[in-house]
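*Asks:* Need coordinates for the following:
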Amino acid sequence: MVADELDPAELAAVFGALSNPARLAIMRWLKDPSDFPPQLEPAEDVGVCLKHIQSRAGVSQSTASQYMAVLQRAQLVTSTKVGPWVHYKRNADYLARLAETIKTDL
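*Replies:* Model prediction:
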């Protein structure tokens, strides 16, 4: 295994996080943060506000928070707090490592 490749436990966490269709959809949506409604801070910089993710997913705030917590524990997203709101964006470096691991190891 190359140093930048994910270990089996990391891969299991990623695949577990992505096994839910709603969480998978959220990851797809976050590829284009400009596709969400405007917010105080640019989504490209701080990420997409949880309220926008919640609205698009059509779920409660607590369910959206749970989805994002699973994605964050799997290191697929990072979060930034802006005022009372938490914003999320894709963890590009980790996703690149994931892609490389899949390409070379699976």
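*Asks:* drop to CA atoms for contacts and neighbour counts, all remaining ones
*Replies:* Noted.
*Asks:* and stretch 29-44, how far apart are its ends?
*Replies:* Using C-alpha to C-alpha, to the nearest Å, one end of stretch 29-44 lies 13 Å from the other.
*Asks:* now swap in stretch 42-61 and tell me
*Replies:* Stretch 42-61: ends 21 Å apart by C-alpha to C-alpha.
*Asks:* Can you list the neighbours in contact with it?
*Replies:* Contacts with stretch 42-61, where a contact means C-alpha atoms under 8 Å, 6 or more residues apart in numbering, come from 22, 26, 30, 33-34, 36-37, 39, 64-65, 79-80, 85-90.
*Asks:* Which of these are buried, as a ChimeraX select command?
*Replies:* To isolate in ChimeraX the members of the contacts of stretch 42-61 that are buried, counting by 16 or more other C-alpha atoms under 10 Å, one can use:
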select :22,26,30,33,64,65,79,86,87,88,89,90
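*Asks:* Among the contacts of stretch 42-61, which ones are in helices?
*Replies:* Among the contacts of stretch 42-61, the members found in helices (DSSP state H) are Ala22, Ile26, Ala64, Ser65.
*Asks:* ok, so of those residues, who is nearest Leu98?
*Replies:* Leu98 has its nearest neighbour among the ones in helices among the contacts of stretch 42-61 in Ile26, at 17.3 Å by C-alpha to C-alpha.
*Asks:* can you list the weak-confidence ranges in the protein?
*Replies:* Applying pLDDT under 70 to the chain picks out residues 1-3.
*Asks:* mind listing the strands for it?
*Replies:* For the chain, applying DSSP state E gives strands covering 48-49, 77-82, 85-90.
*Asks:* May I have the strands that pair with the first one, each with its orientation?
*Replies:* Next to strand 48-49 in the sheet, as set by DSSP bridges, lie strand 85-90 (antiparallel).
*Asks:* No further questions, thank you.
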